[in-house]
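Q: sequence unknown, structure follows:
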């Protein structure tokens, strides 16, 4: 089943509560954290997550685009994240495994992400323990970028591995997602779609969320 995760990176922060309410028909709410080091942009962090947690019961899908993320995975889990996803490129193998275990110990779901230049194989040592594998379909750091089609074979490769091992691991895609690229990703094997400007840039956001689900169902 296709899940849609609007990214509040594209929301109007002067009325964030209203913006979140406008996408409540979605499956997840995607929350991007950037530190200006791992990616060349700064965004929101723990205090905003805590505030968002207080005003919505939506599943909060937190994507950490930060250096040494294992220092913070538990803090974001405790602050209200339901899913904590961090980058395989940003940590050592030992810290990655420990952070996944720590997230699970707190009763939350754990995910790992790869940038466009990182092969899918980098996730394989951890795939048995993951709840989500996030394939970036743009370079992380900024919204509104053009979809990178070279990500599609990686999605298919991950889906083949997950299916062959009978794992319960979602495949999420993030970047340049609209009705056309969503269909490509779903056909390749993705089942969680992050969309920012394509949803928040519209007046009827519920209709767009429904349209993304519908186009991927065929």
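A: Happy to help now that I have it. Remember, it's a predicted structure, so these values are computed and weren't measured experimentally. Numbering: from 1, shown residues only.
Q: use CA for all of it now, contacts and neighbours both
A: Noted.
Q: shaky segments in the chain?
A: 142-144, 218 (pLDDT under 70).
Q: please list the residues outside stretch 178-191 that contact it.
A: 1-3, 147, 152-153, 155-156, 158-159, 170-173, 193, 195, 198, 211-212, 215-216 (CA atoms under 8 Å, 6 or more residues apart in numbering).
Q: just the residues you listed: which are in strands?
A: 3, 170-173, 193, 195 (DSSP state E).
Q: returning to what we had before: I'd like to know which of the contacts of stretch 178-191 are buried.
A: 2-3, 147, 152, 155-156, 158-159, 170-173, 193, 195, 198, 212, 216 (16 or more other CA atoms under 10 Å).
Q: which non-adjacent residue is nearest residue 109?
A: Spatial nearest neighbour of residue 109, excluding adjacent residues (CA to CA, 6 or more residues apart in numbering): residue 83 at 4.6 Å.
Q: OK, contacts around that neighbour?
A: Contacts of residue 83 by CA under 8 Å, 6+ apart are 59-62, 77, 108-111.
Q: check residue 4 too.
A: Contacts of residue 4 (CA under 8 Å, 6+ apart): 26-28, 192-195, 209, 212-213.
Q: one more time with 10 Å, if that's ok
A: 23, 25-30, 172, 182, 191-195, 209-210, 212-213 (CA atoms under 10 Å, 6 or more residues apart in numbering).
Q: for residue 133, see how far away the nearest residue to it once chain neighbours are set aside is.
A: Spatial nearest neighbour of residue 4, chain neighbours left out: residue 193 (4.9 Å); criterion: CA to CA, 6+ apart. Distance, residue 193 to residue 133, using CA to CA, to the nearest Å: 12 Å.
Q: now do the shared contacts for these two.
A: Shared contacts of residue 193 and residue 133, counting by CA under 10 Å, 6+ apart, come down to 171-173.
Q: residue 75 and residue 81 touch, don't they?
A: Yes. Shown here, residue 75 and residue 81 form a contact pair, counting by CA atoms under 10 Å, at 9.1 Å.
Q: give me the common contacts of these two.
A: Counting by CA under 10 Å, 6+ apart, the residues touching both residue 75 and residue 81 are 46, 103.
Q: can you pick out the residue with more neighbours from those two?
A: Legend: neighbour count by other CA atoms under 10 Å for residue 75 and residue 81, higher for residue 81 (28 against 13).
Q: alright, I will stop here.
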